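Participant: Quick one, fold the following:
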Amino acid sequence: MKDISIEYAHIYTNNKIDHEHTLSLEILSDLQKEFSTKNKTTDLVILVDDYSFPDPTFDYEDFIKWLGSQGYRPDLMLRESQLIPACDITLKKMADSKLKEQIIDYVKVKKYPCSLFIATWYLLRLGRIQHEIFENSHVTSRLINIIPISFKPFEDKAIEIIATTPFSDAIKNIEYKYFEGRMLA
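Facilitator: Numbers count the residues shown, from 1 in each chain. A predicted model of the protein is given here:
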């Protein structure tokens, strides 16, 4: 098992590689240097958002090639849509019936919210929930997420979701490296 799972270069399938991804790699580079001096191993992971703004023309191979050319090929790359069955596991684990009902109603009317995907993604990476889409070899005891500051409201809601599960103690193992990026509408 590796020591730290680092998420970086988050991308939507309707977007292209841009300055946010370059900034993410700069932060990742600094973290990698720091951890190598401490003999800490890292698992590099990417979650591609193919759910919020789906675009079937997104070229996953080109994205991986670009990351590799920068020296940061991921150990694992998943699509948000792959997490849907695992999101249902997270929902079942939630003890706050009011928040749980709000999310279930949102799913019925619209679709799965970003915050539920995030919470599920973190619980999988920490090994608190299991699903066949996520191999145990990628489970770590600590997470670092390199993401734009504009994502913070969704991250805060994800932490709120995790806090209502039997895994609330996992929150202390989740860290962020926020950076300035584009503003979300």
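Participant: Contacts only, for the residue of the chain most remote from its centre.
Facilitator: What lies farthest from the middle of the chain is Thr37; by C-alpha atoms, centre = their mean that is 25.5 Å. Neighbour list for Thr37: empty [criterion: C-beta atoms under 8 Å, 6 or more residues apart in numbering]. (C-beta placed from N, C-alpha, C; glycine too.)
Participant: can you pull the contacts of Thr164?
Facilitator: Contacts of Thr164 by C-beta under 8 Å, 6+ apart are 94-96, 99-100.
Participant: Kindly state the pLDDT recorded for the nearest residue to it once chain neighbours are set aside?
Facilitator: Nearest residue to Thr164, sequence neighbours excluded (C-beta to C-beta, 6 or more residues apart in numbering): Asp96, at 3.8 Å. Looking at Asp96, its pLDDT is 93.
Participant: Asp96 and Pro166, how far apart?
Facilitator: Separation of Asp96 from Pro166 (C-beta to C-beta, to the nearest Å) stands at 12 Å.
Participant: ok, these two, which is more surrounded?
Facilitator: Asp96 (14 against 10; other C-beta atoms under 10 Å).
Participant: Run through who's touching the helix or strand Lys65 falls within.
Facilitator: Assessed by DSSP states H and E, Lys65 sits inside helix 60-69. With contacts defined as C-beta under 8 Å, 6+ apart, helix 60-69 is touched by 9, 11, 17, 25, 46, 48, 73-74, 77.
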